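Engineer: give the three-dimensional model of this entry:
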Amino acid sequence: MPSLTTNDEYLVHQIPEPLSVVGIEHQYWRESYFVVAHGPEVDSDVIVIAMATYPARHSLDALVLGRVGGELMGTHHQRGADGDPHTSVVGPVSVVIEEPFRRVHVVVEATEGFEADMTFTARTQPYALRRGRLLDDDGSLLWDQSHMIQSGTFSGSYRKDGRQASVDGWLGQRDHSWGVRDHGRIPCWTWFAIQLPDGMFGVWCWELANGARIFTDGCWAPSDRSDPVAVVEFRHDLHWTDDGGGVVEYGTDGAGVTGLSGTVVFGLEDGRQVTVRGSGRWCAPYRPFYGGGQHLMAVETDDGRRGTAIYEVTGRHHHRFFPVPVVPGEV
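Structural biologist: Numbers count the residues shown, from 1 in each chain. From the prediction side, this is the model:
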């Protein structure tokens, strides 16, 4: 008999099964929260929190990633579902939706010298990306997922090795996604969360190894909380960089990579086209578990707006970013 949880008492079901049974029974089915907060400069500290529940594995996990005081950090926490796969607390990490689509409270209790207490307050409307799907060459499912994105400002503080600092006024993005994502087998995806004074560009783009486009969706979300405008065209021209800012190949593990640089172009549903130039450096590399990772970028648009952004480039094999196939480690 399928297991019941306390949330099965509520009017939340979408299929004729308890919540422990999802629409696609797959070991990589996950529902996750993701929050990234960063300061106003390319060398600012960055805090990344990711939390997921895995119904087929009867477990949850949380990642604490980022760059603090110029040093990269990363911890991984797990717990068994034990009849409660919905409470968003994993070890020292908790993510609480205090007001839907408006306010999220994130806490990391002291562990390995780091702790944080941050509140995300939305500055844009949420944007729901359409469902995307990707199969491997052998027909096996790699990705089938829905996703929402939203920009916000942060308040609160964090402490690393005894040094306390404030996140008040920091910008960033939160995501909520659900479905199948077998990260280690994805050829390539790029994700962009560009924070400008008057709003956010947010885009996901998935490609095959040869560069063929599988999925692109995203928006321009104004900070006055007016309706987001869909991205209908997207191009990227990005390259890995080394310590001196020169172009470098990723190789087998990205050991020579310290940054990312280049141009992205957004075409909007209302006819506007915006080019964004940016450069930055690692704030959350994924090696040795996956290829690529996240970079904090300084960006400028072709109409003179300046801001910061997180660019994520990750995958296992892509003609430009990962020409030598990446062999992921065990998470």
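
Engineer: so who does residue 60 touch?
Structural biologist: Counting by CB atoms under 8 Å, 6 or more residues apart in numbering, residue 60 touches 51-54, 78-81, 85, 90. From N, CA and C alone the C-beta is placed, and that goes for glycine too.

Engineer: one more: residue 29?
Structural biologist: By CB under 8 Å, 6+ apart, the contact list for residue 29 reads 22, 54-56, 179-180.

Engineer: ok, those residues vs residue 284, which is closest?
Structural biologist: residue 54 (20.9 Å; CB to CB).

Engineer: distance of the closest one relative to residue 69?
Structural biologist: Distance from residue 54 to residue 69, counting by CB to CB, to the nearest Å: 33 Å.

Engineer: could you export the lengthiest strand in the chain as PDB, CA atoms only?
Structural biologist: In the chain, with assignment by DSSP state E, the single longest strand is strand 141-160. Taking C-alpha atoms only, strand 141-160 is exported to PDB below (Å, rounded to 0.1, in the frame of the first residue of the first chain):
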ATOM      1  CA  LEU A 141      14.500  10.100 -20.000                       C
ATOM      2  CA  LEU A 142      17.000  12.800 -18.900                       C
ATOM      3  CA  TRP A 143      14.800  15.700 -18.100                       C
ATOM      4  CA  ASP A 144      11.000  16.400 -17.900                       C
ATOM      5  CA  GLN A 145      10.400  19.400 -15.600                       C
ATOM      6  CA  SER A 146       8.400  22.500 -14.800                       C
ATOM      7  CA  HIS A 147      10.000  25.500 -13.300                       C
ATOM      8  CA  MET A 148       9.300  29.000 -11.900                       C
ATOM      9  CA  ILE A 149      11.700  31.900 -11.400                       C
ATOM     10  CA  GLN A 150      11.500  35.200  -9.500                       C
ATOM     11  CA  SER A 151      13.900  38.000  -8.600                       C
ATOM     12  CA  GLY A 152      14.100  39.600  -5.200                       C
ATOM     13  CA  THR A 153      16.100  41.500  -2.600                       C
ATOM     14  CA  PHE A 154      17.600  40.000   0.600                       C
ATOM     15  CA  SER A 155      17.800  41.000   4.200                       C
ATOM     16  CA  GLY A 156      19.600  39.300   7.100                       C
ATOM     17  CA  SER A 157      23.200  38.200   7.800                       C
ATOM     18  CA  TYR A 158      25.700  35.400   7.500                       C
ATOM     19  CA  ARG A 159      28.800  34.400   9.400                       C
ATOM     20  CA  LYS A 160      31.900  32.600   8.100                       C
END
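
Engineer: paired strands for it, with orientation please.
Structural biologist: Paired strands of strand 141-160, with direction, are strand 114-122 (antiparallel), strand 127-135 (antiparallel), strand 163-166 (antiparallel), strand 171-181 (antiparallel) (DSSP bridges).

Engineer: from residue 141, how far out is residue 174?
Structural biologist: For residue 174 relative to residue 141 (CB to CB), the value is 26 Å.

Engineer: give me the more crowded residue out of these two.
Structural biologist: In this view residue 174 and residue 141 are compared by other CB atoms under 10 Å, and residue 174 has more residues nearby, 24 against 18.
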